[in-house]
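> Provided below for reference: sequence and predicted model.
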Amino acid sequence: MLDAWRSRWQRILAWTRRGEVAAGAHWSRQYRAHAEALAAGSPVYLRRWWQAEPVVRHINARICGTAHTEGHAGFHEGIGTRWGARLPLERVVSVGGGTGGKELHCLARGLFQHVDLYELSHDAVTQGRALAQAHGLQERIRFHLADALTAAPRRHYDAVYWNNALHHMPDTPAAIAWSHDVLRPGGLFLMDDYVGASRFQWSERMLAVNREWWRALPEPYRRDPESNLALPEPRRPDPRALMASDPSEAADSERILPALRRRFPGVEIVLTGGGVYHVGLNDVLHHLLEHGDDTRLAAALALDDQLVAEGETHYAVAWAQRAD
Ligand SMILES: C[S@@+](CC[C@H](N)C(=O)[O-])C[C@H]1O[C@@H](n2cnc3c(N)ncnc32)[C@H](O)[C@@H]1O
């Protein structure tokens, strides 16, 4: 079972060469380390939710009612559901697109015609250009090694695409205002991102739900899958340590949804959870998949849903249109 998960995840990695982090030198280190690990064939531990098909299916079902197996498929399907007659969107700008794996998917599936991808990491841009070439899409995606918020032209784009990069902006209302400004009238705002507590400072309620679930796990599950050392129970990261490792991490994330509702009054938002699958499931996930423990995984996802019903989420997708 685990081998199947591993090989699926290796395939996804090979397709997207995706780095899970974002600014300049910090991000370049991550992208380089990731590429080196891939090349070395290092063992893969399935520690995070996006590596687990059941979680991806759960999220897609929340968004569009269909449990697609591919990450972001529900979000992307939502573009076609709302604006199918306008596809492919002629000119799209993506901010913090990394190596562009998700944008290439959108190009290959006929959602976008051309993408201007802005990215601060030199390594990401280099890898992304090679990836685009490998997929024969190099004429339809242009990588800009630049800060999108100062470089991109105004009133120019049919859509602005944010995928797990908006939460790295230091002033998220300003980034949303910029998004509005770069769109032509009628242009689309498309977002799939972390919108939870800034600097990952989870609420007491969220921590309590996670700790209760985590403490009920068999003891061997509460060990690191690689080192076998005891894992700490779910907790908030130390904000200073988080900022030291990546100053942009969730810098102003909790202001995203309020700012979005103000700037794009007709915005459609779906909360996609993460209050459990992005906290208590970390690292433990590997054991659940290894043992085929669908019952405990389902219980975690049910708790995640319960938090969403109470208005607590980490992630959300949003689709909006510039009104004027
Ligand atoms: C978490 S990564 C997400 C990458 C990609 N969107 C993905 O989902 O795989 C965030 C990316 O944003 C980039 N970034 C941060 N601020 C930026 C800015 N102002 N302009 C362009 N890129 C930026 C970082 O270098 C990093 O690669």
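Received the coordinates, thanks.
> What residue in the stretch 51-200 of the chain comes nearest to the ligand?
Using Cβ to the nearest ligand atom, the closest approach of the stretch 51-200 of the chain to the ligand is made by residue 96 at 2.3 Å. Yep, even glycine has a C-beta here, placed from its N, CA and C like the rest.
> Let me see the contact set for that residue.
Contact analysis of residue 96 by Cβ atoms under 8 Å, 6 or more residues apart in numbering lists 22, 118-120, 148, 162, 164-166, 168.
> tell me the pLDDT at residue 25?
On pLDDT, residue 25 comes in at 60.
> Near the ligand, which residues of the stretch 151-300 of the chain are found?
163-165, 168, 248 (Cβ under 6 Å from any ligand atom).
> pLDDT score assigned to residue 20?
At residue 20, pLDDT is 32.
> just to revisit the earlier point, would you list the buried entries among the residues of the stretch 151-300 of the chain next to the ligand?
Burial by neighbour count, 16 or more other Cβ atoms under 10 Å: within those this picks out 163-165, 168, 248.
> which residue ranges form the strands in the stretch 51-200 of the chain?
Ranges of strands in the stretch 51-200 of the chain, per DSSP state E, counting those that start in this stretch, are 89-95, 112-119, 141-145, 157-163, 183-194.
> now those strands in a markdown table, with distance to residue 74?
A markdown table is the format used below for the strands of the stretch 51-200 of the chain (distance: least, Cβ to Cβ, whole Å):
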| stretch | distance to residue 74 |
| --- | --- |
| strand 89-95 | 18 |
| strand 112-119 | 17 |
| strand 141-145 | 23 |
| strand 157-163 | 13 |
| strand 183-194 | 9 |
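> from those strands, which stretch is densest packed?
Highest mean neighbour count of the strands of the stretch 51-200 of the chain: strand 157-163, a mean of 25 (counted as mean count of other Cβ atoms under 10 Å).
> Which secondary structure elements does that one sit against?
strand 89-95, helix 101-108, strand 112-119, helix 172-182, strand 183-194 (3 or more Cβ pairs under 8 Å, 6 or more residues apart in numbering; DSSP states H and E).
> Turn these into a markdown table, including mean pLDDT.
Listed next are the helices and strands packed on strand 157-163 as a markdown table, based on pLDDT from 0 to 100:
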| stretch | mean pLDDT |
| --- | --- |
| strand 89-95 | 98 |
| helix 101-108 | 96 |
| strand 112-119 | 98 |
| helix 172-182 | 97 |
| strand 183-194 | 98 |
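> circling back: out of the residues of the stretch 151-300 of the chain next to the ligand, which are inside helices?
Among those, none falls in helices (DSSP state H).
> Nearest to residue 112 among those?
For these, the minimum distance to residue 112 (Cβ to Cβ) is 12.3 Å, reached by residue 163.
> Just confirm the closest one contacts residue 117, I think it does.
No - using Cβ atoms under 8 Å, residue 163 is not in contact with residue 117; the gap is 10.7 Å.
> quick one: common contacting residues for these two?
The contact sets of residue 163 and residue 117 overlap at 94, 97 (Cβ under 8 Å, 6+ apart).
> how much space is there between the nearest residue to residue 188 once chain neighbours are set aside and residue 204?
Nearest residue to residue 188 in three dimensions, chain neighbours excluded: residue 159, at 4.1 Å (Cβ to Cβ, 6 or more residues apart in numbering). With distances taken as Cβ to Cβ, to the nearest Å, residue 159 is found 38 Å from residue 204.
> Same check on residue 139?
Counting by Cβ to Cβ, the gap from residue 139 to residue 204 is 52 Å.
> And residue 259, by the same measure?
25 Å.
> Neighbour count: these two, which is higher?
Shown here are residue 259 and residue 204; by other Cβ atoms under 10 Å, residue 259 has more neighbours (18 against 8).
> if I read this right, that one contacts residue 176, doesn't it?
Yes - shown here, residue 259 and residue 176 form a contact pair, counting by Cβ under 8 Å, at 4.7 Å.
> the helices in this structure, which residues?
Under DSSP H, the chain gives helices at 2-16, 24-40, 53-64, 73-83, 101-108, 122-134, 148-151, 172-182, 204-215, 239-245, 256-263, 284-290, 294-309.
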